[in-house]
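Undergrad: Coordinates for the following, if possible.
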Amino acid sequence: MGAQAQYGDRPVWDRLEGVPDPAEHTLLVGHQEGADRVAGQYAAGHLHHAWLIAGPRGIGKATLAFRLAAHILRHHDAASAPPTLETHDELDPVASRIARGGHPNLLHVSRPWDEKAKRFRTALTVEEVRAAGGFFATTAGESAWRVCIIDAADDMNRAAANALLKNLEEPPANTVFFVLAHSPGRLPVTVRSRCLPLTLRPLADEQVVEVLAKFAVAGELDQERRGELLRLAAGSVRRAIVLAGEGGLDLAQRLTDLTNQGRQDWPAIHRLADELAARGREDRYRLFLDLAFEHMSARLDGDEKNAGSGLADISRLVRWAQLWEKTRRSASLAESYNLDRKQVIVSLFRAMATIG
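TA: You can find the predicted model right below:
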């Protein structure tokens, strides 16, 4: 991920190198029911002005939003639009303009690139959200409709959320917002209440395989390792790609080995932390955190099932829950203030050792 990943004339946050951005390809696997719900409202002439497209990271929320945008911008007259989402290839003129970031009636709002610091900002800022005001103030070109994609709302700071709320409360005519969220419960209730929910489920394994084949990813894995990759991916194409490209299966095994030993192997832990904290290994670092959170969740679930009524059992459950939240905060602070990621990892292993 870096400044070279462009959408139109600007860098794109969270893009995977070598993999087409959701705006650049027309492949949409799954989510047909949700897609047709929006397309049906549009064809009927009563499209709601804001949709909260929610679901786990990497399952196709942005891809769906861009495909819906293309559908609306392709059919200027809603009365003649089909009630279901159509499939078009990359040669479609509307899809081509969207892929180049050149459609005048589509605004994609995401974390901005900080040219001075040569890195992406750690939040979707209020300036980015306020850009929607200028976008809506201009005369619509080519189509009476405008589409704004907020990608992702989880990244908004409080000021940005308030700016978005103002737009949602006073939407211009013929405007639709697609607000993407990995964890919608973390959004202000005022924002959620202005949107119709469109909750997407993780993809089935065969659907993940279909997308991986399209992008020529993980084809070299044998059946056993492919099965393990799909298990860890949990229905997320993005996670499957990161697992395949970042040595994720081996990383998961190292985490298992380091947490299942009778005593902590600190030299091995420090070697792993150094690797994950190295510059340019952001995706591998995030993958490790995802795997660590799943490990904590599994331990928490296991302890909960086996817990008796004793205070010691309850205390153990509380400590796992507290460690989960503490690690979330530590990782967020490290990202926000560009702190040493190694300390997040070492502290996590140290805390897990105290719980046992």
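
Undergrad: Tell me where the stretch 51-200 of the chain is predicted with low confidence.
TA: Residue ranges of the stretch 51-200 of the chain with pLDDT under 70: 139-143.

Undergrad: and the residue nearest the centre of the chain, what does it touch?
TA: Centroid check for the chain by CA atoms, centre = their mean gives Arg57 as the closest residue, at 3.6 Å. Arg57 makes contact with 182, 236, 238-239, according to CB atoms under 8 Å, 6 or more residues apart in numbering. In this view, the C-beta of every residue, glycine as well, is placed from N, C-alpha and C.

Undergrad: JSON lines please, covering those and showing distance to Leu255, neighbour count and secondary structure.
TA: Rendered in JSON lines, the data for the contacts of Arg57 read as follows (distance: CB to CB, whole Å; neighbours: other CB atoms under 10 Å; DSSP: H, G, I helix; E, B strand; the rest coil):
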{"residue": "His182", "distance to Leu255": "22", "neighbour count": "16", "secondary structure": "coil"}
{"residue": "Ser236", "distance to Leu255": "18", "neighbour count": "21", "secondary structure": "coil"}
{"residue": "Arg238", "distance to Leu255": "19", "neighbour count": "20", "secondary structure": "helix"}
{"residue": "Arg239", "distance to Leu255": "15", "neighbour count": "24", "secondary structure": "helix"}
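
Undergrad: Mind putting those into CSV with distance to Arg192?
TA: Shown next, in CSV, are the contacts of Arg57 (distance: CB to CB, whole Å):
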residue, distance to Arg192
His182, 14
Ser236, 23
Arg238, 24
Arg239, 25
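
Undergrad: from these, which is closest to Met156?
TA: His182 (12.2 Å; CB to CB).

Undergrad: In the stretch 1-150 of the chain, what residue spans correspond to helices?
TA: 32-44, 61-74, 93-99, 126-137 (DSSP state H, counting those that start in this stretch).

Undergrad: JSON lines for the ones you listed, including mean neighbour count and distance to Arg226?
TA: Shown next, in JSON lines, are the helices of the stretch 1-150 of the chain (neighbours: other CB atoms under 10 Å; distance: least, CB to CB, whole Å):
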{"stretch": "helix 32-44", "mean neighbour count": "17", "distance to Arg226": "25"}
{"stretch": "helix 61-74", "mean neighbour count": "24", "distance to Arg226": "23"}
{"stretch": "helix 93-99", "mean neighbour count": "20", "distance to Arg226": "30"}
{"stretch": "helix 126-137", "mean neighbour count": "16", "distance to Arg226": "39"}
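
Undergrad: nearest to Leu249, of those helices?
TA: Leu249 sits nearest to helix 61-74 of all the helices of the stretch 1-150 of the chain, at 25.1 Å, using CB to CB.

Undergrad: hmm, back to that, and the contacts of Arg57, which two are furthest apart?
TA: His182 and Arg239 (11.7 Å).

Undergrad: Tell me the spacing between Ala69 and Val208.
TA: 24 Å (CB to CB, to the nearest Å).
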